[in-house]
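> Have a look at this prediction, sequence included:
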Amino acid sequence: INLVQAYRVDENSFKTGLRELFGVLQRSANQKEMETYIAQNRLRFSNLEEETCDAMSVLLNERQFTTYTNQCKTEDGGINMCEAFALMREEASLQGEARGEARGRSELISSLICKQYAKGISIPQIADLLDCEESYVEMVLQSM
């Protein structure tokens, strides 16, 4: 069995999609490096063969890759990976924002629960004021 370690392969030894595949694999641990590499090689990444993109998906363990690559097909039948990576970053950013907003709302409600309870307001009243379940109010108070 011959095993290949992607970081030891000279990507410039290849003239096919293997060059881009090894280039991405070698930089996969550092998002900024990978983005810089793709930007510097924009022309090559703007029309990659579908098989190369499929290999990237498997080797990077990014199963949702095909969702993005299907949206970024070129007229020549290739995949514009610059666009696909941009879509992935945009969606990841939106997901991060949504998680942050949810966490912020949760922390705000928890803070309000504690303040209201400290003022002597009962658990049922707090739940009614904040439109949440009494069990949630109790859980928050127990965790504080």
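Done, it's in. Numbers count the residues shown, from 1 in each chain.
> any idea which residue of this structure is furthest from its center?
Among the C-alpha atoms of the chain, the one farthest from their average position, using Cα atoms, centre = their mean, is that of Gly120, at 43.5 Å.
> Which residues are in contact with Glu50?
By Cβ atoms under 8 Å, 6 or more residues apart in numbering, Glu50 lies in contact with 69, 77-79. All C-beta spots, glycine's among them, are computed from the backbone N, C-alpha and C.
> For Phe45, give its distance to Glu101.
In this structure, Phe45 lies at 33 Å from Glu101, with Cβ to Cβ, to the nearest Å as the measure.
> same deal with Phe22?
In this structure, Phe22 and Glu101 are separated by 39 Å, where distance is defined by Cβ to Cβ.
> Comparing those two, which residue is more hemmed in?
Here Phe22 and Glu101 are compared on neighbour count by other Cβ atoms under 10 Å; more neighbours surround Phe22, at 21 against 10.
> rewinding a little: in helices, which of the contacts of Glu50 fall?
In this view, the contacts of Glu50 that belong to helices under DSSP state H are Thr69.
> Tell me which two in the contacts of Glu50 are the farthest apart.
Using Cβ to Cβ, the pair of the contacts of Glu50 lying farthest apart is Thr69 and Gly77, separated by 12.1 Å.
> Compare the two and say which one has the larger neighbour count.
Between Thr69 and Gly77, Thr69 has the larger neighbour count (other Cβ under 10 Å), namely 23 against 9.
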